[in-house]
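1. Here's my sequence, what's the structure:
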Amino acid sequence: MNILSVESLMTYWSAPFLAANITIFFNILGALLLGMLVGYERAYHGRAAGMRTYGLVSMASAALTVVVGYPHFWYGGYAQIALNSQPTQVIQGIVTGVGFLGAGLIMKDGFTITGLTSAASIWASSAIGILVGLGFYVAAVLLSLLSIICMMWVPHLEMWLPTRQSISIALRFKIGYIPTVEFVSAWIKERGFHFSANSLSITQHGHQIEWRFVVDISSKNVPPIHQLASALAVFEGVEEYQLSHARN
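-> Next up is the predicted model:
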């Protein structure tokens, strides 16, 4: 049969073929809306990946998953080989590809790592699209709601539960000054912190020495970070310093 004939071309407008296309359309539309819903939480908090990123990831995941459910319509139904769709292989490819996308959101600055939540939630967004593509609509909606609840309310739970916070410190000493671990550790301990010697890294900048390390808050009665900065301003031998909460 000539695939360019009117009869062949009309196959693309037959009732079963149109029904399949409409089903695929509503699947990807639902995945888009759910992905945008999850992405709104990230956009609200000023993250790089927002509604557009999450919506596209979820929509594309749904499209790639649902299309493998209609192999008899591939290539207009005129494929010359026996088609054997493997949804698990498609899912594996989606998860791998989205993993690389999420890796691009993770940033490291000293001892602080950011973007892990966004990367994990983008991965969850791809799972939402896969669920929609496979037809598990209720599970997709519930996963969307759980993802939003996890990102919005778990941080409040973390603040309520007992935790041990850390502060990353970078000290650049004056030329000729040689610091010692014992002196710095004692100075840190006097202010209610615990010096983590295993986190210490030492860098030489010309004739200056720079120390980077993490201190843990060892008691409730500790000064806020700005008071610690004021104390470092008059610390013997320190020329420059940098403080930040060690987060991930």
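
2. Show the subsequent helix or strand relative to whichever strand or helix holds residue 118.
-> In this structure, residue 118 is located in helix 116-134 according to DSSP states H and E. Downstream of helix 116-134, the first helix or strand assigned by DSSP H and E is helix 137-160.

3. outside of that next one, which residues touch it?
-> Defining contact as CB atoms under 8 Å, 6 or more residues apart in numbering, one finds that helix 137-160 is touched by 30-31, 34, 37-38, 41-42, 117, 121, 124-125, 127-128, 131-132. Bear in mind the C-beta positions are built from the backbone N, C-alpha and C, glycine included.

4. Please point out which parts of that helix sit buried.
-> 140-141, 143-144, 147-148, 150-151 (16 or more other CB atoms under 10 Å).

5. Need those in a markdown table (columns: pLDDT).
-> Converted to a markdown table, the buried residues of helix 137-160 look like this (pLDDT from 0 to 100):
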| residue | pLDDT |
| --- | --- |
| 140 | 80 |
| 141 | 85 |
| 143 | 82 |
| 144 | 85 |
| 147 | 83 |
| 148 | 82 |
| 150 | 76 |
| 151 | 77 |
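
6. domain parsing for the chain?
-> 6-160, 166-245 (automatic domain parsing).

7. coming back round to it: list the buried residues of the helix holding residue 118.
-> Across helix 116-134, burial judged by 16+ other CB under 10 Å covers 117-122, 124-134.

8. just the helices in the chain please.
-> Assigned by DSSP state H, the helices in the chain fall at 6-9, 15-44, 51-67, 87-103, 116-134, 137-160, 181-190, 225-233.

9. Many thanks, I have nothing further to ask.
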